[in-house]
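Asks: build me a structure from this.
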Amino acid sequence: MDKHSDSVMYGGMEVYNIWGTTTVDSIIGESDVMRALKNRICKIGNSDSTVAITGESGTGKELIARAIHLAGNRGNKTFVAINCAAIPEPLLESELFGYTKGAFSGADSKGKIGKFELANGGVVFLDEIGDMPIQLQSKLLRVLQEKKFTRIGSNELIDIDVRIISATNRDLFELVKENKFREDLYYRLNVIPLEVPPLRERGDDIQILINNFIDKYSRKMKKNVYHIEPDVEQMLLKYPWPGNIRELENTIELALNLLEEDGIIHKGIINRKILEYFKLNNINIKLLEESDYEISMEQDILTLEEFERAYIKKVLKFYGNDTKSKKLAAKKLGISLATLYRKIDV
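Replies: Alright, predicted model coming up:
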């Protein structure tokens, strides 16, 4: 992938660069925490120091790793990603470091080049580093300390020049305490720590991501989305998203698959898990929050006409301001379109 790629892989799926020419720009989010994260990525791009990315599953750790790669002087070199949890333990060492001809039973007769050699000059991304077997951690430590390694079945030292970025959703220091992760390796990997916030802590970014995924899948499926019902939109904004961005994207993709000709995203096409969350927790979604009714001073009191107009405008904020959306809003409010216009134009 070159530095000006139009897309990147995120969570095993294609994410298109809609805001700029680098993946730093394609990281969707304008919340303070995401602005700070993107700013830090730009600062560390040209460094060769190790980066340890932490965050819950589905937060986009691989996207962050690729952004770091493309933000620096290794951006035109190879980026190799290895999921340490997805490769069986007996095969992981050979995947990382390769092997020579006849190194073990079942080995390829020509031998094999490992991921570190393939990435020479570039970046190796070790995802789910907390699942790396303790025996293999010592070999990785040697790569970090000496910039050398050996293939399985050989004593020949191979020089290597790679930047290592790791990621995990586990607490590595707890694994150190449990003697499941080497303490010296922990500190070697953790020179530059980066924490990716969970989606529930990203505020207005949720709305931005909803819009982005609707746009992505409506284009992909050639469907038009005209409206999200207000209570559904409030659910999407208030749901805690334990699966983070990946879960949100899957939710929108499901809704678009089930979307009817009217182009309305309603409760019937939303993942039942989300509906059950609000039902089980007895959370009632309302268009107006309780704070909208709070009165602290006499001048806060609105006339009924002013309150009605403010409420209608709030409804229109959810439905949209085009004519079709206003018709839907008027129908929801139980008034004619002409009455709606008259009340907001007073």
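Asks: for the stretch 201-346 of the chain, which spans come out with low pLDDT?
Replies: Under the criterion pLDDT under 70, the flagged ranges of the stretch 201-346 of the chain are 285-301, 318, 346.
Asks: now the strands for the stretch 1-150 of the chain?
Replies: Assigned by DSSP state E, counting those that start in this stretch, the strands in the stretch 1-150 of the chain fall at 7-10, 13-16, 51-54, 79-83, 123-127, 148-149.
Asks: next one: the stretch 151-300 of the chain
Replies: Under DSSP E, counting those that start in this stretch, the stretch 151-300 of the chain gives strands at 158-159, 163-168, 192-195, 227-228, 264-265.
Asks: mean neighbour count and distance to residue 53 added to those strands, as CSV?
Replies: Every residue, glycine included, has its C-beta placed from N, CA and C. CSV is the format used below for those (neighbours: other C-beta atoms under 10 Å; distance: least, C-beta to C-beta, whole Å):
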stretch, mean neighbour count, distance to residue 53
strand 158-159, 14, 26
strand 163-168, 24, 4
strand 192-195, 14, 5
strand 227-228, 21, 32
strand 264-265, 20, 33
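Asks: so which of those is nearest residue 304?
Replies: Closest to residue 304 of these, according to C-beta to C-beta: strand 227-228, at 28.0 Å.
Asks: other SSEs contacting the closest one?
Replies: The helices and strands touching strand 227-228, judged by 3 or more C-beta pairs under 8 Å, 6 or more residues apart in numbering; DSSP states H and E, are strand 264-265.
Asks: if you set the cut-off to 10 Å instead, what comes out?
Replies: Contacts defined by 3 or more C-beta pairs under 10 Å, 6 or more residues apart in numbering; DSSP states H and E place strand 227-228 against helix 205-221, helix 230-238, strand 264-265, helix 304-319, helix 323-333.
Asks: quick check: buried residues in the first one?
Replies: Residues 205-206, 208-210, 212-214, 216-218 are the ones in helix 205-221 that count as buried (16 or more other C-beta atoms under 10 Å).
Asks: got the angle for it vs helix 230-238?
Replies: Here the directions of helix 205-221 and helix 230-238 differ by 120 degrees (axes from the mean of the first three to the mean of the last three C-alpha atoms, to 10 degrees).
Asks: what residues go with each domain of this structure?
Replies: Under the assignment automatic domain parsing, the domains of the chain span 7-197, 199-285, 296-346.
Asks: okay, now the unreliable bits of the stretch 51-200 of the chain?
Replies: Across the stretch 51-200 of the chain, the ranges flagged by pLDDT under 70 are 102, 106-107.
Asks: tell me which stretches of it form helices.
Replies: 61-71, 89-97, 115-118, 134-146, 172-177, 183-189 (DSSP state H, counting those that start in this stretch).
Asks: out of those helices, nearest to residue 35?
Replies: Proximity to residue 35 (C-beta to C-beta) singles out helix 61-71 among those, at 13.7 Å.
Asks: may I see the buried residues of the closest one?
Replies: For helix 61-71, the neighbour count (16+ other C-beta under 10 Å) marks 61-71 as buried.
Asks: distance to residue 86 added to the residues you listed, as CSV?
Replies: Listed next are those as CSV, based on distance: C-beta to C-beta, whole Å:
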residue, distance to residue 86
61, 14
62, 12
63, 18
64, 19
65, 16
66, 18
67, 22
68, 21
69, 20
70, 24
71, 26
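Asks: can you name the residues that contact residue 271?
Replies: 239, 247, 250-252, 254-255, 277 (C-beta atoms under 10 Å, 6 or more residues apart in numbering).
Asks: how about 8 Å then?
Replies: Contact analysis of residue 271 by C-beta atoms under 8 Å, 6 or more residues apart in numbering lists 250-251, 254.
Asks: of the residues you listed - the most surrounded one?
Replies: Scoring these on neighbours with other C-beta atoms under 10 Å, the highest-scoring entry is residue 251 at 22 neighbours.
Asks: with adjacent residues omitted, what lies nearest to that one?
Replies: Of all residues not flanking residue 251 in the chain, residue 271 sits nearest, at 5.1 Å (C-beta to C-beta, 6 or more residues apart in numbering).
Asks: so how far is residue 260 from that neighbour?
Replies: For residue 271, the distance to residue 260 equals 17 Å [C-beta to C-beta, to the nearest Å].
Asks: same deal with residue 62?
Replies: 34 Å.
Asks: give me the most central residue, this protein.
Replies: Relative to the mean C-alpha position of the chain, the nearest C-alpha, by C-alpha atoms, centre = their mean, is the one of residue 60, at 3.1 Å.
Asks: my guess is it contacts residue 23. True?
Replies: No. Residue 60 lies out of contact with residue 23 (C-beta atoms under 8 Å); the separation is 10.7 Å.
Asks: who's in contact with stretch 256-268?
Replies: The contact list for stretch 256-268 (C-beta under 8 Å, 6+ apart) reads 214, 217-218, 221, 223-229, 231-232, 255, 269, 275.
Asks: next one: it to chain centre, how far?
Replies: Between the centre of stretch 256-268 and the centre of its chain there are 24 Å (C-alpha atoms, centre = their mean, to the nearest Å).
Asks: can you list the buried residues in it?
Replies: Of the residues in stretch 256-268, 256, 259, 264-266 count as buried by neighbour count, 16+ other C-beta under 10 Å.
Asks: out of the residues you listed, flag the one nearest to residue 186.
Replies: Nearest to residue 186 among these, counting by C-beta to C-beta, is residue 256 at 42.3 Å.
Asks: can you tell me the closest non-neighbouring residue to that closest one?
Replies: Nearest residue to residue 256, sequence neighbours excluded (C-beta to C-beta, 6+ apart): residue 217, at 4.1 Å.
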